[in-house]
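K.L.:
Build me a model:
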Amino acid sequence: MGPARSHAGLSAWLHLPRSLPPQAPLVVALHGCTQNAASYALGSGWWQIAEANNFALLLPEQSDRNNPGLCMRWYEPAQTKREYGEVAAIAAMIHEAIARHNLNPARIYITGLSAGGAMTMALLACYPELFAAAAPLAAVPFAAATDMSSGFSAMSGRNLPPTAALTEAHRDAGPRSARPLPLSLWHGLADDRVAPACSHAIADVWTSLGWPLETHYIPKLGHAQPIGPLGVPSPYFLPGFIDSTQEIARFFDLLKE
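P.N.:
Reported below is the predicted structural model:
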């Protein structure tokens, strides 16, 4: 796994298993703050699952020039507008990976943790036609903030815009999707960094859009991704709950039976 090239200050890390078949699926995985592509790929278990199941893995990586905490800038409207900023950079990475490596454009999936989960929601709003399904973890709704200050307020669950406003913003951000976008939504109920109310708001938007939704609210889990034996434990990757990465891969229909 290594960086392919830089887009708008983001590096594109791409992992291609040696036995990758033609027209293989692609999973886009977005790291959280203080993380990088490698730590997210290994900590979550996505690198190991991609190797075992022969699909490609794209990990956009934030730079400290863009954000000192290495956070995806989901709270800045300039970074979350179609054809602009970080969402456009990540969309360009996806198109480039499809073209260069003969990947299946109908099987592009996206997931992310915390700031990566919030950026996942921005990409689903701005580029819905790119994705077949998505699975954000500890995410914030698209259009819940307009700057860093309101971003912190949204993360706390306070002052979230009403469902109707969030739904309208989601619809207006990109073209109407020709197919429904199934969503697997994950959140720890003991999360004191991003309030579970944020995921409840996302679920309300998805219900308003009429798209398929499954929710996983995990008691006693704080601000972290629950992992299984293939992941690497750390403060943001916790074993002992449920293997969310394996379950998300199953939701994306990526596992060999």
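
K.L.:
What count of nearby residues applies to Asn102?
P.N.:
Neighbour count of Asn102, defined by other C-beta atoms under 10 Å: 13. C-betas here are computed from N, CA, C, even on glycine.

K.L.:
Would you mind listing the residues in contact with it?
P.N.:
Pro22, Gln23, Ala24 (C-beta atoms under 8 Å, 6 or more residues apart in numbering).

K.L.:
for the first one, helix, strand, or coil?
P.N.:
For Pro22, the secondary-structure state derived from DSSP: H, G, I helix; E, B strand; the rest coil is coil.

K.L.:
how far does stretch 129-140 stretch from start to finish?
P.N.:
Stretch 129-140 has its terminal residues 21 Å apart, counting by C-alpha to C-alpha, to the nearest Å.

K.L.:
Okay, buried residues for it please.
P.N.:
Leu130, Phe131, Ala132, Ala133, Ala134, Ala135, Pro136, Leu137, Ala138, Ala139, Val140 (16 or more other C-beta atoms under 10 Å).

K.L.:
the strands in the stretch 151-257 of the chain, which residues?
P.N.:
Using DSSP state E, counting those that start in this stretch, the strands of the stretch 151-257 of the chain run over 183-188, 213-218, 225-226, 237-238.

K.L.:
Dump those strands to JSON lines, plus mean neighbour count and mean pLDDT.
P.N.:
Listed next are those as JSON lines, based on neighbours: other C-beta atoms under 10 Å; pLDDT from 0 to 100:
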{"stretch": "strand 183-188", "mean neighbour count": "24", "mean pLDDT": "98"}
{"stretch": "strand 213-218", "mean neighbour count": "17", "mean pLDDT": "98"}
{"stretch": "strand 225-226", "mean neighbour count": "26", "mean pLDDT": "98"}
{"stretch": "strand 237-238", "mean neighbour count": "21", "mean pLDDT": "97"}
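
K.L.:
and of these, who's closest to Ile248?
P.N.:
Each of those was scored for nearness to Ile248 using C-beta to C-beta, and the closest is strand 183-188 (5.9 Å).

K.L.:
By mean pLDDT, flag the weakest helix or strand of the protein.
P.N.:
strand 2-7 (a mean of 54; mean pLDDT, DSSP states H and E).

K.L.:
Check which element follows that one along the chain.
P.N.:
Heading C-terminal from strand 2-7, the first helix or strand you meet, by DSSP states H and E, is strand 10-15.

K.L.:
Determine how far the last residue of stretch 74-82 lies from the first.
P.N.:
Using C-alpha to C-alpha, the two ends of stretch 74-82 sit 13 Å apart.

K.L.:
Phi first, then psi, for Phe142.
P.N.:
Dihedral pair for Phe142: phi -60, psi 140, per degrees, to the nearest 10.

K.L.:
Let me see the contact set for it.
P.N.:
Contacts of Phe142 (C-beta under 8 Å, 6+ apart): Thr80, Ala118, Met121, Ala122, Leu124, Ala125, Leu166, Ala169, His170, Ala173, Val205.
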